[in-house]
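Visitor: 3D model of this:
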Amino acid sequence: MAIPDSLKEHLKKHLAELTEDVELIVFTQENECQFCKETREIALELGALSPKIKTKVYDFVKNGDEDLKYDIKKIPAIAIVGKSDYGIRYYGVPAGYEFSVLVDAILDVSKGATSLPDTIKNKLAEIRKPVHIQVFVSPTCPYCPVAVKVAYQFAIESEFIRSDVIEMTEFPYLVQRYAVMSTPHIVINEDTSFVGAQPPEVFLQQITLALVKGYNPMYS
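Guide: Residues are numbered from 1 along each chain as shown. Okay, here's the model as predicted:
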């Protein structure tokens with residue numbers, strides 16, 4: 001799945017806004033999963049568009065230490081890492097509407113800052129317990145990038161929050177586990193969920209609800 005040349009020129013201009021280096025750390029395997037090849041190719045092509053993007057590819061089986069370091073338990077996976085590892089992960093091939101999600105994440109991670117209102121940032125700064133956000137998306141979902149951006153920005157703002165984006169058709173066992181019927185479907189700390197491209201205030205409300213319920217990260 002190559003990035004069209006016409007889009008590459010547009011991306012080069014967009015990626016010129018990068019401030020700090022960003023690593024795209026791709027996890028695949030020798031006997032590749034269905035979408036591993038496409039995911040790896042997209043990451044490598046993006047890396048070729050800017051000197052500030054460094055793409056690394058690890059074998060999920062052979063490079064087990066890296067799996068543990070980045071807490072990768074399924075593939076294909078991309079860890080998007082800046083001067084800090086903000087806990088931002090993308091699972092699946094970033095195709096369709098989700099390609100813009102990956103590009104936006106690279107830009108935000110490079111800046112290490114978000115456009116969230118100060119009121120939201122202040123609330124996020126009060127969080128002192130682990131929060132795991134999972135956003136289920138699909139390539140044909142025009143509302144998914146909005147939900148993903150909020151989840152990723154929350155992870156950048158809080159060291160206690162990690163955010164995963166999961167392409168639902170590639171991980172049917174998770175779709176069944178969390179009863180995902182439509183996208184975007186957001187799961188927080190395993191047992192709190194909601195649907196739709198909701199504003200940051202709703203994400204905060206749901207995080208508060210999840211933390212009241214309690215959470216054991218060993219089971220995520």
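
Visitor: Pretty sure residue 150 sits in a strand.
Guide: No. Applying DSSP: H, G, I helix; E, B strand; the rest coil, one finds residue 150 to be helix, outside a strand.

Visitor: Tell me who's in contact with it.
Guide: Contacts for residue 150 (CB atoms under 8 Å, 6 or more residues apart in numbering) come out as 198, 199, 200, 203. No exception for glycine: its C-beta is placed from N, CA and C like everyone else's.

Visitor: Okay, domains of this protein per the record?
Guide: When the chain is parsed with automatic domain parsing, its domains come out as 5-111, 118-213.

Visitor: Between the contacts of residue 150, identify the one with the most neighbours.
Guide: Among the contacts of residue 150, residue 203 has the most neighbours (other CB atoms under 10 Å), with 23 neighbours.

Visitor: Spit out the contact partners of it.
Guide: Going by CB under 8 Å, 6+ apart, the list of residues near residue 203 reads 133, 150, 151, 154, 186.

Visitor: Now the two most distant members of these.
Guide: Comparing all pairs in the contacts of residue 203 by CB to CB, the longest separation belongs to 154 and 186, at 10.9 Å.

Visitor: which residues do those two both contact?
Guide: 133, 203.

Visitor: Where among the domains of the chain is average confidence lowest?
Guide: Out of the domains of the chain, domain 5-111 stands lowest, with a mean of 92 (criterion: mean pLDDT).

Visitor: what sits against the residue nearest to residue 144 when sequence neighbours are not counted?
Guide: Among residues not flanking residue 144 along the chain, residue 137 sits closest, at 3.9 Å (CB to CB, 6 or more residues apart in numbering). Counting by CB under 8 Å, 6+ apart, residue 137 makes contact with 97, 98, 101, 144, 147, 148, 165, 166, 167, 168, 183, 184.

Visitor: taking the residues you listed one by one, which sit in strands?
Guide: Judged by DSSP state E, the contacts of residue 137 include 165, 166, 167 as members of strands.
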